[in-house]
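> I'd like to go over a predicted model; first the sequence, then the structure.
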Amino acid sequence: MAQDQVPVNGTALNSGSGFQNASYRDIPSVTAILTDRELMAATSLAPSYVRMVVAEELDCVRRDMTDGAILNTDDIRNRLLTKFASIDRQRLAPIINATGVIIHTNLGRAPVSNESAAAMASAAASYTALEIEPDSNQRGGRMQEINELMRLLTGAEATLVVNNNASALLLTMSALVSGRSVVLSRGEAVEIGGGFRIPDLLRQSGATLVEVGTTNRTYATDYAEAIDEQTGAIAKIHPSNFRVLGFHHEAAIEDLAEIARFHEIPLIDDVGSGALLETTAYGLSAEPTIGHRLAQGSSIVTASGDKLLGGPQAGIIVGAAHYVDRIARHPLARAVRADKTCLAGLAQTLRHYLRGDAHECIPIWRLIVADQESLRQRAEVIVSHLAAAGTSAEIVNTTAAVGGGSLPGDTLPSVGIALLNREGITIDALARSLRVGSPAVFGHIEQKRLLFNMRTVLPEEDALLIKALQAVSVH
């Protein structure tokens, strides 16, 4: 018997010693497996955790056999190798987004710029002067840098950054409206992704929802007539991933701000996407910008950092200093505050806007502004490389969406690469092989073709896309 073969109840553990009619006594022991050099070389786990994983997997084998599974030694070895690989492999590894959705929530929303990523990595890998003033050696506020950058960009008196926009809105309502009522248009009591509902959030904050108007038409007078001594705020909520068309009316922000000032209550305005650029300049529908809403009179504006702003995941609360200060002092603020890596990445992202190079450096804006001809030229190069390697593909006209609950219904012209399926391989199987490959590629199926949308692929990813598509060997 070879030296690395360990007898287990008469059965060697190494590959090729399988059994067909397995019983519990045929299952290798944990000790036997731990002496198998090939298996142990397949993982970087410390010995104590290897033992734990092996014991758990053997328990799974026993349960499967109880359910009627027939497993041989090769099956057990392969299961252990797969388990070790799944633990060692980084799940949140970079992928190529060729889905045609620029801000793809399931794929992590907005990738940050190289400069922002470097700033985040640097902050994560070292100590930072997060809450201390180097000159005085006294404790300082972690919002000082962001405050100044947002003041320049939007005119905001103060800024607070938390972990996402849902927590920004929850914290704002909890701090300013808890125990009182908030007036909201019936058409804005919306549900967004993951079953997240605005009425549920308001109840959680301790505020009472007072709906006014109708689903499609709400006037300023509806808000004014609903205000009483229990009213704590007027709210304006971004519709996120839907749009009302046709017979529709919503009250102007200026009118709502005037009503709020008259009653000395805040106008809390959730603009959702966090846009700092005028989207109409890029052929898109109008999306509210943070600065514009503040200028129109909103007391507090909340927004996401990882949508049209193009930064790391964050919830941004900006507005009148006395309201922001109240929000920052609320006990919940500490529970949802942003960490140093988020603040570092957000600060660098904001500097792109201040330098005027957002559309050149921030990935989502690079994708939005890319012209159709450059997309086609890149697609032609990729298809030619695939053809040289024997992989059949063709160029097709298609569209892309901004996504992430921003600009619902808007599309941008795009160019796609369609793989021509070979006999014997289904489209679903082909798509899966690319999703689990290295590099992983996510496309989408359209008209029974597997399509890769160039609008959502960054130019520096083209070589990786070629490598991945060649690897599937579709002819």
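Yes, it's here.
> Mind checking what secondary structure residue 215 has?
Secondary structure for residue 215, judged by DSSP: H, G, I helix; E, B strand; the rest coil, is coil.
> leaving aside the residues next to it on the chain, what's closest to it?
Spatial nearest neighbour of residue 215, chain neighbours left out: residue 187 (4.8 Å); criterion: C-beta to C-beta, 6 or more residues apart in numbering. For every residue, glycine as well, the C-beta is placed using N, CA and C.
> Ok, residue 121 next?
residue 341 (8.0 Å).
> Ok, residue 298 next?
residue 269 (3.8 Å).
> how about the one you found, phi and psi?
Main-chain torsions, residue 269, degrees, to the nearest 10: phi -120, psi 110.
> next one: residue 246
Dihedral angles (degrees, to the nearest 10) for residue 246: phi 90, psi -130.
> can you pull the pLDDT of it?
pLDDT, residue 246: 79.
> Not counting residues beside it along the chain, what's closest to it?
In space, residue 246 is closest to residue 216, 7.6 Å off (C-beta to C-beta, 6+ apart).
> What's the local residue count around the one you found?
15 (other C-beta atoms under 10 Å).
> Same check on the one 5 residues further on?
Other residues near residue 221 come to 13 when the count uses other C-beta under 10 Å.
> ok, which stretches of the stretch 251-400 of the chain are helices?
Using DSSP state H, counting those that start in this stretch, the helices of the stretch 251-400 of the chain run over residues 253-263, 290-296, 321-329, 331-336, 340-355, 358-361, 363-369, 372-388.
> JSON lines please, covering the ones you listed and showing distance to residue 78.
Conversion of these to JSON lines gives the following (distance: least, C-beta to C-beta, whole Å):
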{"stretch": "helix 253-263", "distance to residue 78": "61"}
{"stretch": "helix 290-296", "distance to residue 78": "53"}
{"stretch": "helix 321-329", "distance to residue 78": "54"}
{"stretch": "helix 331-336", "distance to residue 78": "44"}
{"stretch": "helix 340-355", "distance to residue 78": "38"}
{"stretch": "helix 358-361", "distance to residue 78": "45"}
{"stretch": "helix 363-369", "distance to residue 78": "39"}
{"stretch": "helix 372-388", "distance to residue 78": "32"}
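> nearest to residue 157, of those helices?
Nearest to residue 157, of all the helices of the stretch 251-400 of the chain, is helix 321-329, at 4.1 Å by C-beta to C-beta.
> Which neighbouring elements make contact with the closest one?
strand 158-162, helix 165-176, strand 300-304, strand 315-319 (3 or more C-beta pairs under 8 Å, 6 or more residues apart in numbering; DSSP states H and E).
> Got the phi and psi for the residue nearest to residue 246?
Dihedral angles of residue 216 (phi, psi; degrees, to the nearest 10) stand at phi -110, psi -10.
> quick one: contacts for it?
Contacts for residue 216 (C-beta atoms under 8 Å, 6 or more residues apart in numbering) come out as 187, 244, 246-249.
> Would you mind measuring from the residue nearest to residue 215 to residue 425?
Using C-beta to C-beta, to the nearest Å, we find residue 187 at a distance of 47 Å from residue 425.
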